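>>> could you look at this predicted model? Sequence included:
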Amino acid sequence: MNKSEKYTTSLTEIKALLSGETDMIAKMANTAALLHKEFDFWWTGFYRVVDNELILGPFQGPLACMHIAKGMGVCGTAWERKETIVAPNVHLFAGHIACSSESNSEIVVPILRGGEVVGVLDIDSREFNTFDDIDKYYLQQIVELL
Ligand code: SME
């Protein structure tokens with residue numbers, strides 16, 4: 001299966017899995033687990049906006065930093081800009097927060113509700129250049145399901 005096919009399958013599975021569920025944390029937890037296993041990412045998880053900062057939410061992978069301020073790192077920048085950010089080489093991203101020294105590329109997709117960011121989906125890879133417009137296209141649809 002190529003990447004688009006894997007995402008298409010995952011999208012269908014996540015839709016079924018989340019259907020009827022209303023609790024955001026439960027939905028984030030299973031979405032992170034499903035994506036992490038399917039794609040063998042290094043770190044797959046969520047941060048939620050709580051009291052005007054990003055707080056670590058459900059994730060799979062190594063330990064991560066728990067608080068991120070608006071505008072800081074890839075996550076805080078995606079929040080501030082309200083747009084998906086792809087970092088092909090995190091070491092070249094000004095202000096990147098290195099939770100794991102093994103992470104080399106990253107994508108952060110904001111979760112928008114009524115025009116406001118309520119959280120972000122953050123995925124890290126140990127390879128460089130892992131993420132592109134295909135990941136962006138499908139992950140943006142996936143966060144719509146939360
Ligand atoms: N690298 C992120 C921080 C979160 S960890 O990757 C899990 C950033 O720069 O915002």
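Done, it's in.
>>> now do the contacts for the residue of the chain found nearest the ligand.
In the chain, the residue that lies nearest the ligand is Gly73 (2.6 Å; CB to the nearest ligand atom). The way it works is simple: take the backbone N, C-alpha and C, and place the C-beta from them, glycine included. For Gly73, the contacting residues are Gly95, His96, Ile97, by CB atoms under 8 Å, 6 or more residues apart in numbering.
>>> what about 10 Å?
The neighbours of Gly73, taking CB atoms under 10 Å, 6 or more residues apart in numbering as the test, are 47, 54, 65, 79, 85, 87, 90, 93-99, 106, 108, 122.
>>> out of those residues, list just those in helices.
Trp79 (DSSP state H).
>>> what subset of the contacts of Gly73 is buried?
47, 54, 79, 85, 87, 90, 93, 96-97, 99, 106, 108, 122 (16 or more other CB atoms under 10 Å).
>>> ok so, going back, ok, the nearest residue to the residue of the chain closest to the ligand once chain neighbours are set aside - contacts?
Spatial nearest neighbour of Gly73, excluding adjacent residues (CB to CB, 6 or more residues apart in numbering): Ile97 at 3.6 Å. Taking CB under 10 Å, 6+ apart as the criterion, Ile97 is in contact with Ala64, Cys65, Ile68, Ala69, Met72, Gly73, Val74, Cys75, Gly76, Val90, Ser103, Glu106.
>>> sorry, back to before: overlap between the contacts of Gly73 and the residues near the ligand?
Applying CB under 6 Å from any ligand atom, the subset of these adjacent to the ligand comprises Cys65, His96, Ile97, Cys99, Glu106, Asp122.
>>> so which bits of this protein are right by the ligand?
Taking CB under 6 Å from any ligand atom as the measure of proximity, the chain contacts the ligand at 43, 64-65, 68, 73-76, 96-97, 99, 103, 106, 122, 124.
>>> just the residues you listed: which has the poorest pLDDT?
Ranked by pLDDT, those bottom out at Cys99 (85).
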